[in-house]
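Peer 1: 3D, please:
(3 chains)
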Amino acid sequence: MEVFLVSLLNGLVYGMLLFMLASGLTLILSMMGVLNFAHASAYMLGAYFAFTISQYIGFWPALVLAPLLCGAIGAAIEMYGLRRVHRNGHIAELLFTFGLALIIEKVVQMTWGLIPVPYRIPAGLDFPLFTVYGTQFPAYRAFMLLISALMFGAIWLGLTRTRIGLVIQAALHHPEMVGALGHNVPRVFTTVFAAGTALAGLAGVIGGNYHVTEPAMAFTMGPIVFVVVVFGGLGSLTGCFIASLLMGLIQTFAVVLDYSVADLLKWFGLTVTSATPFHEVLTVPLPRIGALLPYVLLVLILVFKPRGLMGTRDT
Amino acid sequence: MSDVAISLRGVHKSFGRTQIIRGVDLDIPRGQRHAMIGPNGAGKTTLFNLISGRFSLTSGTIALNGRSIDGLAPHEINRLGLSRSFQITSIFPRLTVFENIRCGLLWARGYRYSFWHLLGGQRALNEEADRLIEQLNLQDRRNVPAGLLSYAEQRALEVGITVAGGAEIVLLDEPTAGMSHSETEYAVALIRAVTEGKTLLIVEHDMSVVFGLADVITVLVYGEVIASDVPARIRGDKAVQEAYLGTEAA
Amino acid sequence: MSADATQRAPQGRTLVAAPGSAGLARRAWPWLVAIVAALLLPWLFFDWSTRRHSGFALTMLSEIGLMAIFALSFNMQMGQAGLLSFGHAILFGLGGYCAAHTMNAIKAGAMWLPVELVPLVGGLGGLLFGVLFGYVATKQRATAFAMITMGLGELVAACALMFMGFFGGEGGISTDRVTGTSLFGVSYSSSWQVYCLVVAWTAIAVLLMRLQTQTPLGRMANATRDNFERAQFVGYDPRMVRFCQFALSGFFAGIGGGLYAIVYEIVTFDTVAAAKSATALLAAYIGGAGGFFGPFLGTIVVVLLQSGVSLLSNAWLLYVGVLFIIMVMYAPGGLVGIIAQHAPIARAGRLRELIVPYVRILLPGAFSVFGFVLLVELASFTTIGAAQGKAFKIGPHAVDPATAFPWLLGAAALIGGGLWLRLEARGFRARWDALIADAKAKGVML
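Peer 2: Numbers count the residues shown, from 1 in each chain, chains lettered A, B, ... in the order given. Modelled structure (predicted):
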């Protein structure tokens, strides 16, 4: 029971972090048709910027400044890069963001070095908030939940209560129509791209000291975020939310449940020995393949339900 | 083998809650030249898409030569002997004119997914492709990438690809759209020549083309057939005049 | 009209379609020249004093050969069929693992197979997995296909690290190519012998892939790429076309993997990793995905940067990335595309008029590149190189990155060169447009 509750909480925290990343990516992909490979790079940049800003000014200013910086970079990328490549088609845009991700990773390596940087949780938040069955729940995780919940609320309000939010919602489902109605689509695109990038940066600020801050973090986090986006479906933020939480919970619980397929087969009375074919695959415990599960899900869902959980459009 | 090439019974099509086709019954006998006219938004292209398998039916049946096409994929319908052209020119822009036509012939000549036949050496195939190109009067543009052709040339090429495989039932969706008078005349002559003896279903807005080419005209308005008859009687039909032609029909 | 007529590919190159013997000779000679040149190339690096080949040169040339097969097989999907795969390396690496296990089995006496045919085993392995994975991946197209391949790629790469039986886990599978089963009595103990084998297989694989583009499947792959709906209405199932093309590309990727196993005698998880897939993508795109030989050219560029530059600098991937982005933005046709754009001007006979304009933009361009490289190397050295205990040197001169001067020099060269380039670019553009207009007027555009 203890393990279950603790894992549940941790899974929620991780899921909300994923949602911060995935929501921006879903918005960008649904509206502009661009699969933004550099999205996770913005996450990485947010963490690194926060690290440097924390060193000179402090964590709280970093919480505000780092995402803004990321957003500014995102706006610049969209205006000077993506817009130019747009006429060559979606594949070209995808490749452009892919090349960007490569370059950003290299630049980060060159600026901050190859080894992880000591981006730590600020002292003010580094205490146990409460205890669950003897395991401490750090206040920082509650803080992460708070920030992601606030951000989710802000997005929801922004999309439903503001004019530009309504335009964005419309463009989520029918991008071409929005242009035909006379809205300044390029400006909307730049706004969405910048906002999405800023969100990713914010996720990096609060996630970077929770996990490790290193140059490879973009390429380790990136694919999982893609899985969430595809799983949740295009054009649906609710689907994205559900998928993020699901993925967070799955990955957290997978680490905790130390069972393998062989154990399952034992239930049915079948024993797996070293002579059984595929013995290695059958005996591998769940925690070891925890990293694999998102990809298995990705492939399965793309093959059987390519629109994802709640998608309204095709990719 | 059925005498009726295309048979529609109680065909309904809705997109979400919007009903586009509201119950169409139609029989097109083999070898007939059948035109479909009607105002924009009447559902003509949707009907085409239903017959060619691009859309699925909400209800009703469509049969080709007596065989229901329910649930068949477009390429399967094509292999049953139906081919179509598109309202927006649909060719292979990066392939040359010659290769476009040749691709239209490949399946019909039995090549399937072969990766061992070298096409350069397939004499009969290449000669047939060249004959068709001559019929289309595109031999001067034989080695030009199709994307670089003029609009009228592309439309001609499209008709060529459509009939290349020898389909018995040919659907043409506004083949003369955007053409000048002389180009239209030329296109009509071409269509008449290449669809000789085949069943032709054509959507058109140019009334001179329709009345000059068709054996039977069906008028579609708001997803329903309001008249289906020989051109002379259609011209005089009151309902048709009200809905579409106007009282000054040529 | 006879089938003897010449056809022009969209890139403006002439293909001869005639099957006669005269046509065959005419088509064969470029291939023969290329093979001979490939065999002669290592002799440029031959050390006459010790009478030994340069191991480095032979390895790099072998790498170019097998990676070219890999990149060309990737382009069977991307350029030919319009399928962007982010996991192509799994077909390459799995072929490599199959080949490695085969060689180990030969060495152990469990089976007999000439070592010359081991790449074929790799190819069959690649084909098998191409069928397996292709069945799943080709259910979708475009972005969904890209994501499935990415997921599959991560899956296989993770499995390669985890499972000892087939993949050997982190250590990989070691093998020994000196199996004593050669058809020609060659031991393959020397790099030169291995290189000859690589050249032979590269020639065979490239020729086969080239011929495949002229088959019904190859043409319909192009057609499906251009317009899948129209492909349906000429009777082809686009899914089946994609699937066949995917599986075949797996066959050739597996041949590349098999050669890898022979050359390096070890196959590890990085042969199936995302980085390897990315290399194929970069090579194919930089070289030019539209024509056939683009990826070969791109492979040469990427491998040179990878092997050569990585000796001198940590930042070779950054240079490749920047080159890649510049290509995506300004030259989506790749290097081959750029060359092809000059064809009309050459046909109009006025190519020589571009020499001066080119010099005028290449000069500031060189300055910018120099400044950029200097800054990158300085930055890279400050964070990475210093920790590795190296000293920053340009030729014989030692440079201290702690001083301001080298940074200012680099910045000045980059910015100054950039501004000067913008100025010259305008003039170049005007001259280029004039020459193209002239070519159009002369009717030699195609």
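
Peer 1: Packing partners of the helix or strand containing A:Gln251?
Peer 2: If you go by DSSP states H and E, A:Gln251 is part of helix A:237-256. Counting by 3 or more C-beta pairs under 8 Å, 6 or more residues apart in numbering or on different chains; DSSP states H and E, the packing neighbours recorded for helix A:237-256 are helix A:2-32, helix A:139-161, helix A:217-232, helix A:286-289, helix A:293-304. For every residue, glycine as well, the C-beta is placed using N, CA and C.

Peer 1: Could you single out the most deeply buried of these?
Peer 2: Neighbour counts (mean count of other C-beta atoms under 10 Å in any protein chain shown) averaged over each of the helices and strands packed on helix A:237-256 peak at helix A:217-232, with a mean of 25.

Peer 1: what's near enough to touch C:Trp29?
Peer 2: By C-beta atoms under 8 Å, 6 or more residues apart in numbering or on different chains, C:Trp29 lies in contact with nothing.

Peer 1: host element of it?
Peer 2: Per DSSP H and E, the secondary structure element for C:Trp29 is helix C:21-40.

Peer 1: How much space separates the residue of the stretch 201-350 of chain C found nearest chain B from C:Asn227?
Peer 2: Residue of the stretch 201-350 of chain C nearest chain B, by C-beta to the nearest C-beta: C:Gly235 (3.2 Å). C:Gly235 sits 14 Å away from C:Asn227, taking C-beta to C-beta, to the nearest Å as the criterion.

Peer 1: Please apply the same query to B:Asn40.
Peer 2: 25 Å.

Peer 1: With neighbour numbers in mind, choose between these two.
Peer 2: C:Asn227 (22 against 7; other C-beta atoms under 10 Å in any protein chain shown).

Peer 1: Okay, buried residues for stretch C:94-110 please.
Peer 2: Buried residues in stretch C:94-110, defined by neighbour count with 16 or more other C-beta atoms under 10 Å in any protein chain shown: C:94-107.

Peer 1: Show me where chain B has its strands.
Peer 2: Per DSSP state E, chain B carries strands over the ranges B:4-15, B:18-29, B:33-37, B:59-64, B:67-68, B:82-84, B:169-173, B:199-203, B:216-221, B:224-229.

Peer 1: any idea of the mean pLDDT in the helix holding C:Trp29?
Peer 2: Average pLDDT, helix C:21-40: 83.

Peer 1: What is the distance between the helix or strand following it and the centre of its chain?
Peer 2: Using DSSP H and E, the helix or strand that follows helix C:21-40 in sequence is helix C:55-75. Distance of helix C:55-75 from the chain centroid (C-alpha atoms, centre = their mean, to the nearest Å) equals 8 Å.

Peer 1: same check, this time on stretch C:336-356
Peer 2: Using C-alpha atoms, centre = their mean, the offset of stretch C:336-356 from its chain centre is 25 Å.

Peer 1: That stretch: end-to-end distance?
Peer 2: 22 Å (C-alpha to C-alpha, to the nearest Å).

Peer 1: Quick check: buried residues in it?
Peer 2: Taking 16+ other C-beta under 10 Å as the criterion, stretch C:336-356 shows C:336-337, C:339-340, C:343-345, C:347-348, C:354 as buried.

Peer 1: so where's chain C uncertain?
Peer 2: Of all residues in chain C, those with pLDDT under 70 make up the ranges C:1-22, C:384-397, C:401, C:446.

Peer 1: domain parsing for it?
Peer 2: C:19-332, C:342-442 (automatic domain parsing).

Peer 1: okay, those domains, which one's buried deepest?
Peer 2: Mean neighbour counts for these (mean count of other C-beta under 10 Å) peak at domain C:19-332, with a mean of 21.

Peer 1: and the longest helix for chain C?
Peer 2: helix C:405-442 (DSSP state H).

Peer 1: any bit of that one sitting next to chain A?
Peer 2: No: using C-beta under 8 Å from any C-beta of the partner chain, helix C:405-442 stays clear of chain A, with a minimum separation of 13.3 Å.

Peer 1: What is that helix packed up against?
Peer 2: helix C:343-347, helix C:355-380.

Peer 1: before we move on, back to that, the helix holding C:Trp29 versus helix C:55-75: what angle between them?
Peer 2: Per axes from the mean of the first three to the mean of the last three C-alpha atoms, to 10 degrees, the angle that helix C:21-40 makes with helix C:55-75 is 140 degrees.

Peer 1: so what's B:Val194 up against?
Peer 2: Contacts of B:Val194 (C-beta under 8 Å, 6+ apart): B:135, B:159-160, B:163.

Peer 1: And for C:Pro332?
Peer 2: A:88, A:92.

Peer 1: now with 10 Å?
Peer 2: A:85, A:87-89, A:91-92, A:95, C:285, C:288-290 (C-beta atoms under 10 Å, 6 or more residues apart in numbering or on different chains).

Peer 1: State the distance from C:Lys440 to chain B.
Peer 2: Relative to chain B, C:Lys440 is positioned 12 Å away (C-beta to the nearest C-beta, to the nearest Å).

Peer 1: Surely that residue is in contact with C:Arg347?
Peer 2: No: the pair C:Lys440 and C:Arg347 fails to qualify as a contact (C-beta atoms under 10 Å) at a distance of 11.3 Å.

Peer 1: what sits against B:Tyr244?
Peer 2: B:37-39, B:42, B:207, B:219-221, B:226-227, B:234, B:237.

Peer 1: Kindly write the ChimeraX command that selects the buried subset of those residues.
Peer 2: Selection of buried members from the contacts of B:Tyr244 for ChimeraX, criterion 16+ other C-beta under 10 Å:
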select /B:37,38,42,207,219,220,221,226,227,234,237
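
Peer 1: Could you identify the pair within the contacts of B:Tyr244 that is furthest apart?
Peer 2: Greatest spacing in these, by C-beta to C-beta: B:Met207 and B:Ile226 (16.5 Å).

Peer 1: and the stretch 151-300 of chain C, which residues reach chain B?
Peer 2: By C-beta under 10 Å from any C-beta of the partner chain, the residues of the stretch 151-300 of chain C that approach chain B are C:208, C:211-241, C:243-245, C:247-248, C:290.

Peer 1: These in helices, which ones?
Peer 2: Filtering these for helices - DSSP H - leaves C:208, C:211-212, C:216-226, C:228-232, C:238-241, C:243-245, C:247-248.

Peer 1: residue contacts, the residue nearest in space to the middle of chain C?
Peer 2: For chain C, the residue sitting closest to the mean C-alpha position, by C-alpha atoms, centre = their mean, is C:Thr299 at 2.9 Å. Neighbouring residues of C:Thr299 by C-beta under 10 Å, 6+ apart: C:63-72, C:279-280, C:282-284, C:286-287, C:306.

Peer 1: which ones among those residues come in contact with chain A?
Peer 2: Answer for these near chain A (C-beta under 10 Å from any C-beta): C:Leu282.

Peer 1: For the nearest residue to A:Gly113 once chain neighbours are set aside, give its distance to A:Val107.
Peer 2: Closest residue to A:Gly113 apart from its sequence neighbours, by C-beta to C-beta, 6 or more residues apart in numbering or on different chains: C:Thr383 at 4.4 Å. C:Thr383 sits 11 Å away from A:Val107, going by C-beta to C-beta.
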